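> no sequence for this one, just the structure:
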């Protein structure tokens, strides 16, 4: 079994009698460089979605933080200096005074009872 390795056989068959000629490759290098430059310029003009996201997300987060701070400031400015104590459940049921109990479920139940006339 003195056969030549498969890779060597394939290379010999591919080589044949032709010599390697890089003249066409060398002649095409300027055209390849122009194409690469054109693609680079067009890629710079139209950013991809991840590029847009990496640019926009930090700015949106900062704008959101500023908006929340302004909203909290405006909301706290409208309140008095002493916070109102929520009414108790009994005072809302018996007397009807107070805006709510402070509990969302009880307030919803009481509002249903009040709305029927």
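Sure thing, it's come through. Predicted model only: the values in this text are computed from it and were never measured.
> Spell out, range by range, the helices that occur in this protein.
Here the chain has its helices, by DSSP state H, at 6-15, 23-45, 49-78, 89-90, 104-114.
> Redo those helices as JSON lines? Include mean neighbour count.
(C-beta placed from N, C-alpha, C; glycine too.) Converted to JSON lines, the helices of the chain look like this (neighbours: other Cβ atoms under 10 Å):
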{"stretch": "helix 6-15", "mean neighbour count": "10"}
{"stretch": "helix 23-45", "mean neighbour count": "9"}
{"stretch": "helix 49-78", "mean neighbour count": "10"}
{"stretch": "helix 89-90", "mean neighbour count": "12"}
{"stretch": "helix 104-114", "mean neighbour count": "11"}
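> Turn those into CSV, including mean pLDDT.
CSV is the format used below for the helices of the chain (pLDDT from 0 to 100):
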stretch, mean pLDDT
helix 6-15, 76
helix 23-45, 85
helix 49-78, 87
helix 89-90, 64
helix 104-114, 66
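> Could I get the contacting residues of residue 34?
Counting by Cβ atoms under 8 Å, 6 or more residues apart in numbering, residue 34 touches no other residue.
> and what of residue 50?
Per Cβ under 8 Å, 6+ apart, neighbours of residue 50: none.
> Kindly report the same for residue 9.
Applying Cβ under 8 Å, 6+ apart, no residues contact residue 9.
> With residue 16 instead?
Residue 16 neighbours (Cβ under 8 Å, 6+ apart): none.
> any idea of the pLDDT on it?
On pLDDT, residue 16 comes in at 71.
> Against residue 27, how distant is it?
According to Cβ to Cβ, to the nearest Å, residue 16 stands 23 Å off from residue 27.
> And for residue 62?
From residue 62 to residue 27 the distance is 53 Å (Cβ to Cβ).
> Check residue 58 too.
Taking Cβ to Cβ, one finds residue 58 at 48 Å from residue 27.
> again with residue 35
Counting by Cβ to Cβ, the gap from residue 35 to residue 27 is 14 Å.
> now residue 67
Where residue 27 is concerned, residue 67 sits at a distance of 60 Å (Cβ to Cβ).
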